[in-house]
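K.L.:
Let me see the structure of the following:
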Amino acid sequence: MARRISGRSHGDPRGADTRAKVVKDDYRPSRDEVLRYIAENPDRSGKREIAKAFALRREDRIWLKDLLRDLQDEGLLTKERKRLSRAGAVPHVAVLDIFGRDADGVLLAHPTEYTGSGSPPVIAIRISRGASGPAPGIGDRVLAKTFPSEDTSGPAYTGRVMKVFEKRSDAVLGVFRVLKDGSFRIEPVERRQPELIVDKEFQNGAKNGDLVEVEPARASRYGLPRAKVLAVLGSLNSEKAVSMIAIHAHDIPHIFPADVIAEADAVKPAALAGREDWRDLPLVTIDPADAKDHDDAVFATPDTDEKNPGGVIATVAIADVAAYVRYGTPLDREALKRGNSVYFPDRVVPMLPERISNDLCSLREGEDRPAIAVRMTFSAEGRKLRHSFHRVMMKSAAKLAYQQAQAAIDGAPDDKTRPILDSVLKPLWDAYAVLKRGRDARQPLELDLPERKILLKPDGTVDRVVVPDRLDAHKLIEEFMIQANVAAAETLEAKKEPLVYRIHDAPSLAKQESLRDFLQTLSLSLARGAQMRPSQFNGILERVRGADNEALVNEVVLRSQSQAEYSPKNIGHFGLNLRRYAHFTSPIRRYADLIVHRGLIAALGLGSGGLTQVEADRLEEVAALISATERRAMAAERDTVDRLIAAYLAERVNDTFDARISGVTKAGLFVQLPQYGADGFIPVSSLNGDYYIYDETARSLFGERTGKGYQLADRVEVRLVEVAPMAGAMRFEMLSDPKPLPGSRRSFHKAKGRARASQSRSGPRGRRR
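P.N.:
Alright, predicted model coming up:
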C-alpha cells in the first residue's frame with residue numbers, strides 16, 4: 001500500500017515540485033533531505049512537523065528521533081524552543097545590523113547576536129514594495145524575518161525588514177572635563193573607549209562635568225585622538241547623573257512625547273459599569289517599602305467545599321491597564337517602544353506616564369481601582385483544580401511592606417496589620433503553605449544566589465550595599481503570581497486566543513556537556529538524557545550545599561542555563577518546570593503582560609480593550625521587540641551598578657578587599673567584591689610566580705610549572721590598583737597565593753596540550769614573574 005503526500009512550492013521535503021507524490025510505505029528520507037527541509041522551513045522544524053512533512057508512519061518516529069539526535073551530536077543541528085535548526089542558522093525573526101551593499105546595490109547585514117562558530121552569515125536585505133516607515137540604510141539596526149536564500153552564489157539568507165530601529169550615528173558618549181591648563185578632554189564612559197581631546201572651536205557650549213555626545217575624528221599617528229562635541233545631554237553634577245549615562249548609552253527612551261502626556265492627562269477613571277463589584281473583598285498589596293506603584297493584590301480563604309478537604313481558594317487581582325491603554329494610541333505606541341520599565345538605583349524609567357502607573361492603575365489603599373482578577377482553587381496537595389477570571393472594581397484594604405507583613409505573622413503586628421492578622425494575613429500564609437507543597441512537588445530550579453540592593457545618599461552617591469533577607473512574604477507573593485500567570489496561559493490556550501508566552505528553554509546540548517565536564521573535575525556527575533529536568537540540577541546543588549564549592553557550582557549551573565524570553569510559540573518554562581507560562585501580573589511595567597490582559601478580555605468577552613486581530617498578527621514581531629528591550633534594560637541596570645560602585649571605591653585605591661573569582665578567561669580573572677556586588681579585572685600578565693594556562697573545562701588558570709592556580713568562585717584577597725568611575729571599570733592585583741585545584745592533575749596534560757596548540761597560533765597568554 002502506498003501513501004500520498006502533498007508537495008509544496010516552498011518547504012516541500014523532496015523538492016519544489018508542486019504535484020502530489022506517492023511514497024512507498026517503507027520510505028525514509030535521507031540525512032541530506034532532512035537537513036534541507038529544516039534549513040528551508042525554520043518555522044516548521046519540530047519533530048512532529050518533520051514527521052508529518054515526510055508522511056512517516058508511527059513506527060518510523062523512533063527512527064527519526066534517533067536520526068535527529070545523531071545530527072545534533074555531530075554538530076549539524078541545534079535545538080532551541082523544541083525546534084531544530086542547522087548549526088549556526090539565523091533565527092526566523094532576528095535583529096540585524098546593516099553594514100554595506102553588494103555590487104548590485106543590495107543592502108547586506110549581519111545578525112546583531114550570533115552564537116554559531118565562525119563568521120556570522122550575511123543576509124541580503126529586501127525592501128517590500130509599498131512598505132511604510134523609514135527606508136533602512138547602512139549603519140541601521142533592523143528587525144527582520146529571515147529566509148534561507150535559494151541563490152547559492154550569494155548571501156546565505158535574505159531578510160524582509162519589519163521595523164527600522166532609531167538611527168544611531170558614529171557618536172560616542174563621554175564626560176566633558178576641563179583640565180588645569182584650560183584644555184578639554186572627554187572622559188570615557190565605556191571600558192574600551194579611549195580618552196579624547198576636544199579643541200576649543202568644537203566645545204559647542206559644553207561645561208566641566210557635562211555628559212556629552214561627541215564625534216571622534218580619525219586618530220592621528222601621535223597623541224590622543226580628537227573629537228567634536230555634538231550635543232550636551234546633561235550635567236553629571238546632578239543627583240541622577242550615573243543612570244543618565246546608561247540611559248543614553250543604551251538608547252532607552254526616557255522622555256514622554258507631548259501627545260503621550262496629553263492622552264494620559266485626559267484619561268478619566270474607569271467606571272463600575274460592566275464590572276463585578278469586589279470592593280468589599282479585603283484584598284491587600286504587599287510590596288517593597290519604597291514601591292510607588294502597586295499592580296497586584298492578594299487574598300485567600302479556606303475552601304468550604306466538602307469534596308476538597310484542606311484546599312484553599314487564592315485570589316490575585318491585577319491592575320486593569322488595558323482599560324486605559326488601548327491599542328494603536330500614542331500611549332500604546334510609546335509603551336511598546338519602551339517594552340518595560342527600567343529600574344536604576346537612583347531612578348525608575350517607567351513604561352507608562354505617572355498619571356497611569358502611579359495613579360489610575362496603582363492599587364492604592366482605600367481607593368476604587370479597576371482590576372482583572374483570577375480566583376484559583378487548590379487541593380490540599382497544592383494542585384490547582386480550577387480557576388476563573390473576572391473584570392472587577394476593587395478597593396485595597398491595606399498597603400503593606402514585605403517586612404511589615406512578615407513581622408505580623410512572626411508575632412509583632414503593628415497598628416495596621418493587627419486588625420487584619422486573623423482575617424487576611426494568616427489565611428494568606430495558610431494558602432502559601434498549600435501552594436508550596438505543589439511547588440515542592442513540581443521541583444523548579446532552586447539556585448541560591450543572593451540579590452544585592454544599593455542604598456544611596458541624598459546626593460546620589462552610594463551609602464551602602466545590603467543583601468535583603470529573603471522572607472516568606474516574598475515567596476508567598478512570588479508563588480501567587482506564578483500560579484496566576486499559569487492560569488492566564490491555560491485560559492488563553494483553551495480559548496485558542498493568540499498570546500505571548502514567557503519561555504525558557506532547557507540548556508543546550510553544548511552547555512550540558514560543558515557543565516558535565518566541569519562537574520567531573522569535582523567528582524560530581526550529571527546524567528545524560530534527551531530530556532533534562534530541573535530536579536537533576538537541584539540534586540547537584542543539594543550535594544554541594546554547605547561545601548566549600550557551593551558558590552562555584554551554583555554559579556556554573558546558572559551560566560549553563562538559557563535566557564528566558566517572549567515568544568508566541570510555546571516551549572514551556574524549564575526553570576519553573578511548567579508546560580505553559582505567560583506574564584500577566586505586572587502590566588504597569590511590562591508590555592508582555594498588557595498583551596495577555598487584552599487576550600483575556602477578548603477571549604472571555606470581558607468588555608472593551610481586548611486583543612485585536614491586527615495585534616494578533618504582529619505577535620511574533622512584538623515578542624522579539626520586548627525580548628530585546630528586556631535585555632537592553634538588564635544591561636543598562638548592570639552598567640549603572642558598576643559605575644556607582646566604581647565611583648564609591650575610587651577613594652580606596654591601594655586598599656585590600658576580600659573577593660570571589662566571578663569569571664575566568666584567557667586574558668585573566670574577573671573578581672567580584674561580595675560586599676558590593678561589583679566586578680573588576682586581574683590581567684593574567686600580573687599573576688606572579690608561574691606561566692598560567694587557561695583550562696576552560698575546569699574554569700581555571702593554572703601554573704604550567706606547579707599546577708596550582710585560581711578557579712571560578714575561589715575566595716581571594718586582592719588590592720585595588722586602578723579605577724575608572726565613569727566607565728565602571730576597576731583593576732585589581734592578586735594577593736592570594738595560587739592553590740592546588742580539584743581535578744587539576746587529571747586535566748593538567750590535556751589543558752596544557754590545548755593551550756600550547758592555541759599558543760602556536762596566537763602567541764603567549766601569560767608571563768613569568
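K.L.:
Make sure Ala412 is indeed in a helix.
P.N.:
No: using DSSP: H, G, I helix; E, B strand; the rest coil, the assignment for Ala412 is coil, not a helix.
K.L.:
and after the longest helix along the chain, which helix or strand comes next?
P.N.:
Once the chain is assigned using DSSP state H, the helix that runs over the most residues is helix 619-649. Counting by DSSP states H and E, the next helix or strand C-terminal to helix 619-649 is strand 656-665.
K.L.:
And the contacts of that following strand?
P.N.:
With contact meaning C-beta atoms under 8 Å, 6 or more residues apart in numbering, strand 656-665 is reached by 551, 555, 669-675, 679-680, 694, 699-701, 710-720, 732, 735. In short, each C-beta sits where N, CA and C put it, glycine included.
K.L.:
try it again with 6 Å
P.N.:
With contact meaning C-beta atoms under 6 Å, 6 or more residues apart in numbering, strand 656-665 is reached by 669-674, 679, 699, 710, 712, 714-719.
K.L.:
helix, strand or coil for Pro91?
P.N.:
For Pro91, the assignment made with three-state DSSP gives coil.
K.L.:
can you tell me which residue is nearest the centre of this structure?
P.N.:
Nearest residue to the geometric centre of the chain (C-alpha atoms, centre = their mean): Arg631, 5.0 Å.
K.L.:
how many other residues sit next to the residue nearest to Pro498 when sequence neighbours are not counted?
P.N.:
The shortest distance from Pro498 to any non-neighbouring residue, by C-beta to C-beta, 6 or more residues apart in numbering, is to Ala616 (4.2 Å). Neighbour count of Ala616, defined by other C-beta atoms under 10 Å: 17.
K.L.:
got it, and the one 10 residues further on?
P.N.:
Neighbour count of Ile626, defined by other C-beta under 10 Å: 24.
K.L.:
quick one: Lys145 and Met481, what's the gap?
P.N.:
Remark: distance between Lys145 and Met481 (C-beta to C-beta, to the nearest Å) = 33 Å.
K.L.:
Then Lys708?
P.N.:
47 Å.
K.L.:
Just confirm Val718 is within a helix.
P.N.:
No: Val718 is assigned strand when assessed by three-state DSSP, not a helix.
K.L.:
residues in contact with it?
P.N.:
Contacts here follow C-beta under 6 Å, 6+ apart; on that basis Val718 touches 657, 659, 671, 732, 735.
K.L.:
Of those, which is the most crowded?
P.N.:
Ala659 (28 neighbours).
K.L.:
Of all the residues in the longest helix of the chain, which ones are buried?
P.N.:
619-630, 632-633, 636-637, 639-649 (16 or more other C-beta atoms under 10 Å).
K.L.:
and that helix, what other elements does it pack with?
P.N.:
With contacts taken as 3 or more C-beta pairs under 6 Å, 6 or more residues apart in numbering; DSSP states H and E, helix 619-649 sits against helix 241-249, strand 565-567.
K.L.:
ranking those by burial, who's on top?
P.N.:
Across those, averaging neighbours per residue (mean count of other C-beta atoms under 10 Å) puts helix 241-249 on top, at a mean of 23.
K.L.:
my read: the residue nearest to Pro498 touches Lys496, true?
P.N.:
No: counting by C-beta atoms under 6 Å, Ala616 sits too far from Lys496 to count as a contact (11.1 Å).
K.L.:
Which parts of the stretch 351-500 of the chain are strands?
P.N.:
Taking DSSP state E, counting those that start in this stretch, the strands of the stretch 351-500 of the chain run over residues 368-378, 384-395, 398-401, 453-456, 462-466.
K.L.:
quick one, which of those is packed in tightest?
P.N.:
Ranked by mean neighbour count, the strands of the stretch 351-500 of the chain are led by strand 368-378 with a mean of 22 (mean count of other C-beta under 10 Å).
K.L.:
partner strands of that one, parallel or antiparallel?
P.N.:
Pairing partners of strand 368-378, with direction, according to DSSP bridges: strand 312-319 (antiparallel), strand 384-395 (antiparallel).
K.L.:
show me what contacts Pro740?
P.N.:
Counted by C-beta under 6 Å, 6+ apart, Pro740 has contacts Lys708.
K.L.:
for stretch 185-192, which positions count as buried?
P.N.:
Of the residues in stretch 185-192, 185-190 count as buried by neighbour count, 16+ other C-beta under 10 Å.
K.L.:
now, which of the residues you listed sits nearest Arg326?
P.N.:
Val189 (38.7 Å; C-beta to C-beta).
K.L.:
Might you list the low-confidence residue ranges for the stretch 501-650 of the chain?
P.N.:
529-530 (pLDDT under 70).
K.L.:
where do the strands sit along it?
P.N.:
Going by DSSP E, counting those that start in this stretch, the stretch 501-650 of the chain shows strands at 501-503, 565-567.
K.L.:
okay if I get those strands as a markdown table plus distance to Trp278?
P.N.:
A markdown table is the format used below for the strands of the stretch 501-650 of the chain (distance: least, C-beta to C-beta, whole Å):
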| stretch | distance to Trp278 |
| --- | --- |
| strand 501-503 | 27 |
| strand 565-567 | 30 |
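K.L.:
Looking at the ones you listed, which is nearest to Val172?
P.N.:
Between Val172 and the strands of the stretch 501-650 of the chain, the shortest gap by C-beta to C-beta is with strand 565-567, which sits at 29.1 Å.
K.L.:
Now do the closest one: which elements does it pack against?
P.N.:
Against strand 565-567 (3+ C-beta pairs under 6 Å, 6+ apart) you get helix 619-649.
K.L.:
so the helix it packs on versus strand 462-466, what angle?
P.N.:
110 degrees (axes from the mean of the first three to the mean of the last three C-alpha atoms, to 10 degrees).
K.L.:
Between helix 241-249 and helix 619-649, find me the angle.
P.N.:
Going by the same axes, to 10 degrees, helix 619-649 makes 150 degrees with helix 241-249.
K.L.:
Can you list the low-confidence ranges for the stretch 651-769 of the chain?
P.N.:
Low-confidence segments of the stretch 651-769 of the chain (pLDDT under 70): 742-769.
K.L.:
the strands in it, which residues?
P.N.:
Using DSSP E, counting those that start in this stretch, strands in the stretch 651-769 of the chain cover 656-665, 668-673, 678-683, 692-695, 700-703, 708-711, 715-724, 729-734, 739-740.
K.L.:
Quick one: the ones you listed as TSV, columns for distance to Leu447 too.
P.N.:
Below are the strands of the stretch 651-769 of the chain laid out as TSV (distance: least, C-beta to C-beta, whole Å):
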stretch	distance to Leu447
strand 656-665	15
strand 668-673	16
strand 678-683	19
strand 692-695	24
strand 700-703	22
strand 708-711	19
strand 715-724	19
strand 729-734	26
strand 739-740	25
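K.L.:
Tell me which of those lies nearest to Ile197.
P.N.:
strand 715-724 (17.5 Å).
K.L.:
quick revisit: between which two of the contacts of Val718 is the distance greatest?
P.N.:
Maximum pairwise distance among the contacts of Val718 (C-beta to C-beta): 11.0 Å, between Val671 and Leu735.
K.L.:
rewinding a little: mean pLDDT and distance to Ala724 added to the strands paired with strand 368-378, as CSV?
P.N.:
Output for the strands paired with strand 368-378, formatted as CSV (pLDDT from 0 to 100; distance: least, C-beta to C-beta, whole Å):
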stretch, mean pLDDT, distance to Ala724
strand 312-319, 98, 42
strand 384-395, 98, 50
